[in-house]
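J.: Here is a sequence with its predicted model. Questions after.
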Amino acid sequence: MTKSSRRVPLYTQIRQYVKDQIDQQIWKPGDKLPSEIELAEQFGVSRVTIKSALTALVEEGLIFRIQGKGSFVSTDSAGESIIYYPSSDTPKPQLVAFLLPNLTGSFVTKLMQETEQELVKHGFKMLYCGTHNSQEMEKKVLSEVLQLGVKGIIIFPVDGESYNEEILRLKLNQFPFVVLDRYFRGIETNSVSIDNVEGGRMAVNKLVELGHTRIGFISSKIAGTSSIEDRLAGYEKGLSEHQFPVDHQLRLTNLDADKLNLVLKEGVVDEDSLQAIRSFIASRPDMTAVFALNLAIGLTTIKAVASLGLRIPEDFSVIFFDQYEMASFSAIPPTCIIQDEKAISVAAVRLLLESMQDPARSNTRITLPPKLIERNSCAAPKVREQASAH
């Protein structure tokens with residue numbers, strides 16, 4: 001089958017159908033889309049497929065959702081956002097904005113779902129806002145949601161962000177907000193994250209327990225993202241605890257996060273990332289295992305290892321952060337360090353509510369424990385032959 005004749009995924013077809021309806025102005029700004037059930041019946045697919053298509057359109061900014069009301073067209077031909085105003089006889093909902101850099105991967109999607117459910121329990125409606133992993137967009141969105149009168153904000157910061165003027169302004173004005181997944185060094189804020197240092201340490205300890213001594217680390221760009229910095233610190237801590245040298249030659253830390261996420265968005269591995277990881281592994285025959293930063297890097301690494309003719313885990317071991325929901329369907333179910341999305345959401349909403357009740361209260365940083373899920377991608381090492389990077 002040629003590349004051009006490959007079957008287009010159903011959710012991609014549905015996403016394109018909605019975009020066509022909007023482009024042709026059949027559905028105009030502010031119009032309500034058919035419900036998930038109606039679209040599922042129309043296309044003969046599951047609601048999960050419909051939800052995936054609509055989620056992608058929300059991320060692109062073409063539609064927006066209002067809990068209990070449905071999905072609406074959110075842009076006009078000039079790309080201007082449409083703001084939903086309830087009718088005068090409708091009680092104004094208590095809104096909490098949730099800023100996310102993207103909706104790529106099960107961790108972020110589950111985090112959003114769990115947070116929404118937790119907010120509903122306390123009488124709030126969640127306003128999802130995509131920042132497209134852009135610091136400028138994040139600043140703009142923060143300004144806009146404040147004008148909408150939100151009661152609080154939950155922020156999953158964009159990659160590489162160590163400082164944001166709008167977030168600092170929120171802090172100075174004692175506006176209720178909580179930062180998720182990471183924290184800002186030098187700026188005390190309410191934050192909830194996994195113990196990324198311990199997660200990195202756990203990954204290394206597992207590999208050392210199996211007998212590995214030359215363990216690599218693969219990540220996207222590190223600077224400014226506390227979660228990445230802490231996972232690297234945990235990796236180094238694990239090596240040091242076993243008296244292994246911290247060898248910078250065993251690191252690959254310049255990968256492009258947006259390119260890597262292609263494997264999660266479209267199920268296609270980015271060729272540049274694949275080649276970089278392939279060359280990294282091939283040129284270090286004494287390296288018998290790697291700790292990959294996240295799911296996208298982990299899946300790409302597994303593909304790179306296979307392309308070198310190496311078997312996992314017989315010839316090479318891989319462990320990475322984040323749960324892989326398709327593990328039971330995978331030829332090699334991966335060993336992972338996972339995060340509890342529900343626990344993170346519950347803690348974040350609790351912190352936000354406490355801040356609403358007492359804006360002057362001291363900031364709290366909550367760090368939750370990670371968990372190791374052992375599957376089949378790690379085993380005792382063996383000496384391997386020099387592999388070709390070409």
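T.: In hand now; what should we look at?
J.: What is the burial count for residue 172?
T.: Applying other C-beta atoms under 10 Å, we find 8 other residues in the vicinity of residue 172. (Glycine included, C-beta is placed from N, CA and C.)
J.: Show the pLDDT at it.
T.: Residue 172 carries a pLDDT score of 86 in this model.
J.: Go through stretch 151-158 and flag the buried ones.
T.: 152-158 (16 or more other C-beta atoms under 10 Å).
J.: Name the weakest-confidence residue in the residues you listed, if you would.
T.: Among the buried residues of stretch 151-158, pLDDT bottoms out at residue 158, giving 88.
J.: Contact partners for residue 35?
T.: Residues in contact with residue 35 (C-beta atoms under 8 Å, 6 or more residues apart in numbering) are residue 70.
J.: For it, give me the backbone phi and psi.
T.: The phi and psi torsions at residue 35 (degrees, to the nearest 10) take the values phi -70, psi 170.
J.: any idea how far it lies from residue 306?
T.: 42 Å (C-beta to C-beta, to the nearest Å).
J.: next one: residue 227
T.: For residue 227, the distance to residue 306 - C-beta to C-beta - is 28 Å.
J.: my guess is residue 189 meets residue 168, correct?
T.: No - the criterion here is C-beta atoms under 8 Å, and residue 189 misses it with residue 168 at 9.2 Å.
J.: tally of neighbours for residue 267?
T.: Residues contacting residue 267 under the criterion other C-beta under 10 Å number 9.
J.: Identify the residue spatially nearest to it, adjacent ones excluded.
T.: The shortest distance from residue 267 to any non-neighbouring residue, by C-beta to C-beta, 6 or more residues apart in numbering, is to residue 9 (7.6 Å).
J.: Pull the number of nearby residues for the one you found.
T.: For residue 9, the neighbour count with other C-beta under 10 Å is 14.
J.: what's the answer for the one 4 residues further on, then?
T.: In terms of burial, residue 13 registers 14 neighbours under the definition other C-beta under 10 Å.
J.: Does whichever strand or helix holds it pack against any helices or strands, and if so which?
T.: Take DSSP states H and E as the rule and residue 13 turns out to sit in helix 10-23. With contacts taken as 3 or more C-beta pairs under 8 Å, 6 or more residues apart in numbering; DSSP states H and E, helix 10-23 sits against helix 36-43, helix 47-60.
J.: buried sites along it?
T.: For helix 10-23, the neighbour count (16+ other C-beta under 10 Å) marks 10-11, 14-15, 18-19, 21-22 as buried.
J.: Surely residue 100 and residue 128 touch.
T.: Yes - counting by C-beta under 8 Å, residue 128 is a contact partner of residue 100 at 6.9 Å.
J.: ok, those two, which is more surrounded?
T.: residue 100 (26 against 19).
J.: Tell me the bridge partners for the more buried one.
T.: Here residue 100 sits in beta bridges with residue 130, going by DSSP bridges.
J.: Could you do residue 291 as well?
T.: Going by DSSP bridges, residue 291 forms beta bridges with residue 217, residue 319.
J.: which residues does it contact?
T.: Residues near residue 291 by C-beta under 8 Å, 6+ apart: 200, 203-204, 207, 215-218, 235, 319-320.
J.: Would you mind putting these into JSON lines with neighbour count, pLDDT and distance to residue 342 alongside?
T.: As requested, the contacts of residue 291 are exported to JSON lines (neighbours: other C-beta atoms under 10 Å; pLDDT from 0 to 100; distance: C-beta to C-beta, whole Å):
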{"residue": "200", "neighbour count": "27", "pLDDT": "98", "distance to residue 342": "23"}
{"residue": "203", "neighbour count": "29", "pLDDT": "98", "distance to residue 342": "22"}
{"residue": "204", "neighbour count": "25", "pLDDT": "98", "distance to residue 342": "27"}
{"residue": "207", "neighbour count": "28", "pLDDT": "98", "distance to residue 342": "28"}
{"residue": "215", "neighbour count": "24", "pLDDT": "98", "distance to residue 342": "31"}
{"residue": "216", "neighbour count": "25", "pLDDT": "98", "distance to residue 342": "32"}
{"residue": "217", "neighbour count": "24", "pLDDT": "98", "distance to residue 342": "29"}
{"residue": "218", "neighbour count": "27", "pLDDT": "98", "distance to residue 342": "28"}
{"residue": "235", "neighbour count": "25", "pLDDT": "98", "distance to residue 342": "27"}
{"residue": "319", "neighbour count": "29", "pLDDT": "98", "distance to residue 342": "23"}
{"residue": "320", "neighbour count": "25", "pLDDT": "96", "distance to residue 342": "21"}
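J.: what's the weakest-modelled helix or strand in this structure?
T.: strand 63-66 (a mean of 77; mean pLDDT, DSSP states H and E).
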